[in-house]
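Enquirer: what shape does this take:
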Amino acid sequence: MQRYVARANIDHYIGLLNGNDLPPHNRDTILKLLIAEEDTLSHDLEHLEFAESRAASGRQRLNHLMRLRSDFAPGTTERAQADRTVVNFEELQALLDDLCHRLRDQVNARHLQPPHPTRGFTTA
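Expert: Alright, predicted model coming up:
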């Protein structure tokens, strides 16, 4: 259940951060909440796959926004808003990519550790 709640919270925070009308103070607070929620996940392959899927979706959104931004003429109000939106998405994407790297390192480290000598064995 805790895993489900953590993932739902992460998706909710990402959704909020994807909005255009979020004041900088609230954005900072939600970023902190997102990072804290990510840290509550145990670090296994399933969570890595979850994080990688969110990061891949984020990259697609960012690329789409960058293409849309190029349709606006430089110096216009619309272009300035698009620039701010792209910067916000780039910051979020960097956070998601960092999470993937940290989880990947932790999963790889766990697979490289030798098994504990008493785990899996019972004494009679």
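Enquirer: mind checking what helix or strand follows the helix or strand containing Ser57 in sequence?
Expert: Element membership for Ser57, per DSSP states H and E: helix 45-69. Using DSSP H and E, the helix or strand that follows helix 45-69 in sequence is helix 77-112.
Enquirer: for that following helix, list every residue counted as buried.
Expert: When neighbours are counted by 16 or more other CB atoms under 10 Å, the buried residues of helix 77-112 are found to be Ala82, Thr85, Asn88, Phe89, Leu92, Gln93, Leu95, Leu96, Leu99, Cys100, Leu103, Val107. Where you see a C-beta, it was placed from the backbone N, CA and C, and this is true even at glycine.
Enquirer: that helix packs against which elements?
Expert: Judged by 3 or more CB pairs under 8 Å, 6 or more residues apart in numbering; DSSP states H and E, helix 77-112 is in contact with helix 2-17, helix 24-40, helix 45-69.
Enquirer: list the contacts of the residue nearest to Leu17 when sequence neighbours are not counted.
Expert: Spatially, and ignoring its direct neighbours in sequence, Leu17 is nearest to Leu92 (5.1 Å; CB to CB, 6 or more residues apart in numbering). Listed by CB atoms under 8 Å, 6 or more residues apart in numbering, the contact partners of Leu92 are Ile14, Leu17, Asn18, Leu31, Gly58.
Enquirer: low-confidence ranges, the chain, go.
Expert: Counting by pLDDT under 70, the chain shows low-confidence ranges at 1, 41-44, 111-124.
Enquirer: rerun that using 80 as the cut-off
Expert: Low-confidence segments of the chain, defined by pLDDT under 80: 1-4, 19-20, 38-46, 107, 109-124.
Enquirer: any idea what sits nearest the residue nearest the centre of the chain, other than its immediate chain neighbours?
Expert: In the chain, the C-alpha nearest the mean C-alpha coordinate belongs to Leu96, at 2.8 Å (CA atoms, centre = their mean). The shortest distance from Leu96 to any non-neighbouring residue, by CB to CB, 6+ apart, is to Ala55 (4.2 Å).
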